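[1] I would like the atomic coordinates for the input below:
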Amino acid sequence: SYSMIRSLLSSNQLPDASLVRIEEMINYFKYSYPAPDDAAFAVSTEVGAAPWVASHRLVRIGIKGREVTAKSRPPSNLVFLIDVSGSMHGADKIGLLKQGFSMLVDQLDARDSVSIVTYAGSSGVVLPPTKGSDRKTILAALEDLQTGGGTNGSQGINAAYELAAQSFVEGGTNRVILATDGDFNLGASSPAELQNLIEQKAKTGVFLSVLGFGTGNYRDQTMETLADKGNGNYAYLDSAAEAKRVLVSEASGTLITIAKDVKIQVTWNPDFVRSFRLIGYENRALAHQDFTNDQKDAGEIGAGHTVTALYEIEPTSLTSQGKALGNLAIRFKEPDGVTSRQVDGPITGADTAFDSMPTDFRF
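    As a prediction, this is how the structure comes out:
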């Protein structure tokens, strides 16, 4: 949401309200949460005064994923699935796509495998599985890409997953990276059909990342749905700097999943909390009964990622100093697991004046 809104405002356009997702804007930035010792992630909570209503409080829940260094990361089996339809023509689309993937290739080595599948009116394998250390061959295949034709997205997705399955690495990172402007206009292109296709493919252990480019017929909701159902992540690239952030600075978080189907449930203590609201996350809300349902899809956390949730609460007249405002429960599965496990902890934090809160809390 943040990079998409930035792109539109830079072009002197106001974004549609559906693109303004507060939780994504907050989570665009990293925060200084404590790192886990040997667990998948660490959780921290803070409580401070709300700046817009003096009597209300803000509760910040922060999750920090385990870091994975470039040296210790598992080998990667990556399939670049690239939209080369006519709508992808232009420096901000195919041009930026080539830049971004070239940056990612520079992070790879002989442990890794890269394949390239393109799709327009039909799909085709441009580059069979190639060692990550063979940069010259990979970069030449990227540079030769030309745009033209319609957009048979479903055919390309099928071809990419078949190629990923052929080079599947047990215990490694197996991922299709879809790069498109989201203008699916041929093949199984309805959101329901694409969603069903991706859900089935995610069960094979091959996850999906989605990179969006350009404006015009851009289908943000479709892109987000594909990433969610593909056990992956979604980023919108509006510049070379954004491509570097997603594919270089945060490459391990983009590519390496450390926990999947992560669900958070907060239970407030009515002795101290009269009412509450979660800020943002409207399209990620789950029914209470789905918290323990392992068949219900949820979000993923990448290596080194931080996740932030803010609650505004209206406190009761009772003081909660030194006591728990409520309980935080998190359920998650291992990247290759099918059964979730749960961790619980109290929501605590000194009731501090807003101006005295840490800088990133106030930001």
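[2] ok, which stretches of this protein are helices?
    Using DSSP state H, the helices of the chain run over residues 2-10, 22-27, 96-105, 135-143, 153-166, 191-202, 220-229, 240-244, 251-255, 359-362.
[3] would you tell me which of those helices gets closest to Ser55?
    helix 359-362 (18.4 Å; CB to CB). The C-beta positions use only the backbone N, C-alpha and C, and glycine is treated the same way.
[4] and the helices of the chain as JSON lines, adding distance to Thr267 and mean pLDDT?
    Converted to JSON lines, these look like this (distance: least, CB to CB, whole Å; pLDDT from 0 to 100):
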{"stretch": "helix 2-10", "distance to Thr267": "30", "mean pLDDT": "92"}
{"stretch": "helix 22-27", "distance to Thr267": "20", "mean pLDDT": "94"}
{"stretch": "helix 96-105", "distance to Thr267": "41", "mean pLDDT": "95"}
{"stretch": "helix 135-143", "distance to Thr267": "50", "mean pLDDT": "96"}
{"stretch": "helix 153-166", "distance to Thr267": "39", "mean pLDDT": "84"}
{"stretch": "helix 191-202", "distance to Thr267": "30", "mean pLDDT": "78"}
{"stretch": "helix 220-229", "distance to Thr267": "25", "mean pLDDT": "81"}
{"stretch": "helix 240-244", "distance to Thr267": "38", "mean pLDDT": "93"}
{"stretch": "helix 251-255", "distance to Thr267": "29", "mean pLDDT": "82"}
{"stretch": "helix 359-362", "distance to Thr267": "23", "mean pLDDT": "93"}
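[5] among those helices, which is nearest Thr306?
    Closest of the helices of the chain to Thr306 is helix 22-27, at 7.5 Å (criterion: CB to CB).
[6] what helices and strands are in contact with that closest one?
    On a contact count with 3 or more CB pairs under 8 Å, 6 or more residues apart in numbering; DSSP states H and E, helix 22-27 meets helix 2-10, strand 306-315.
[7] from the chain's centre, how far out does that helix sit?
    How far helix 22-27 lies from its chain's middle: 12 Å, per CA atoms, centre = their mean, to the nearest Å.
[8] buried residues in that helix, which are they?
    Residues of helix 22-27 classed as buried: Glu23, Glu24, Met25, Ile26, Asn27 (neighbour count, 16 or more other CB atoms under 10 Å).
[9] for the protein, spot the helix or strand the model is least confident about on average.
    The helix or strand of the chain with the poorest confidence is helix 191-202; it has a mean of 78 (mean pLDDT, DSSP states H and E).
[10] dump that helix to PDB, keeping only the CA atoms.
    The C-alpha coordinates for helix 191-202 follow below in PDB (Å, rounded to 0.1, in the frame of the first residue of the first chain):
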ATOM      1  CA  PRO A 191     -10.200 -14.200  -9.100                       C
ATOM      2  CA  ALA A 192     -11.900 -17.400  -7.900                       C
ATOM      3  CA  GLU A 193     -10.200 -19.600 -10.600                       C
ATOM      4  CA  LEU A 194      -6.800 -18.000 -10.000                       C
ATOM      5  CA  GLN A 195      -7.200 -18.300  -6.200                       C
ATOM      6  CA  ASN A 196      -8.100 -22.000  -6.400                       C
ATOM      7  CA  LEU A 197      -5.200 -22.700  -8.700                       C
ATOM      8  CA  ILE A 198      -2.700 -21.000  -6.300                       C
ATOM      9  CA  GLU A 199      -4.100 -22.700  -3.200                       C
ATOM     10  CA  GLN A 200      -3.600 -26.100  -4.800                       C
ATOM     11  CA  LYS A 201       0.000 -25.300  -5.800                       C
ATOM     12  CA  ALA A 202       0.900 -24.000  -2.400                       C
END
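[11] next, the angle from it to helix 153-166.
    Helix 191-202 runs at 0 degrees relative to helix 153-166, counting by axes from the mean of the first three to the mean of the last three CA atoms, to 10 degrees.
[12] counting by contacts, list what helix 191-202 packs against.
    Short answer (3+ CB pairs under 8 Å, 6+ apart): helix 191-202 packs on helix 153-166, strand 207-212, helix 220-229.
[13] in its sheet, what does the shortest one sit against?
    Paired strands of strand 207-212, with direction, are strand 173-180 (parallel), strand 233-236 (parallel) (DSSP bridges).
[14] do I have it right that Glu143 meets Lys98?
    Yes - between Glu143 and Lys98 there is a contact under CB atoms under 8 Å: 6.6 Å.
[15] who has more neighbours out of the two?
    A direct count of neighbours by other CB atoms under 10 Å for Glu143 and Lys98 places Lys98 higher, at 19 against 9.
[16] contact partners for the closest residue to the more buried one other than its chain neighbours?
    Nearest in space to Lys98, with sequence neighbours left out and distances taken as CB to CB, 6 or more residues apart in numbering, is Leu142 at 5.2 Å. For Leu142, the contact set (CB atoms under 8 Å, 6 or more residues apart in numbering) comprises Phe80, Lys98, Phe101, Ser102, Val105, Ile116.
[17] which pair of the residues you listed spans the longest distance?
    Top of the distance list for the contacts of Leu142 (CB to CB): Ser102 and Ile116, 12.3 Å.
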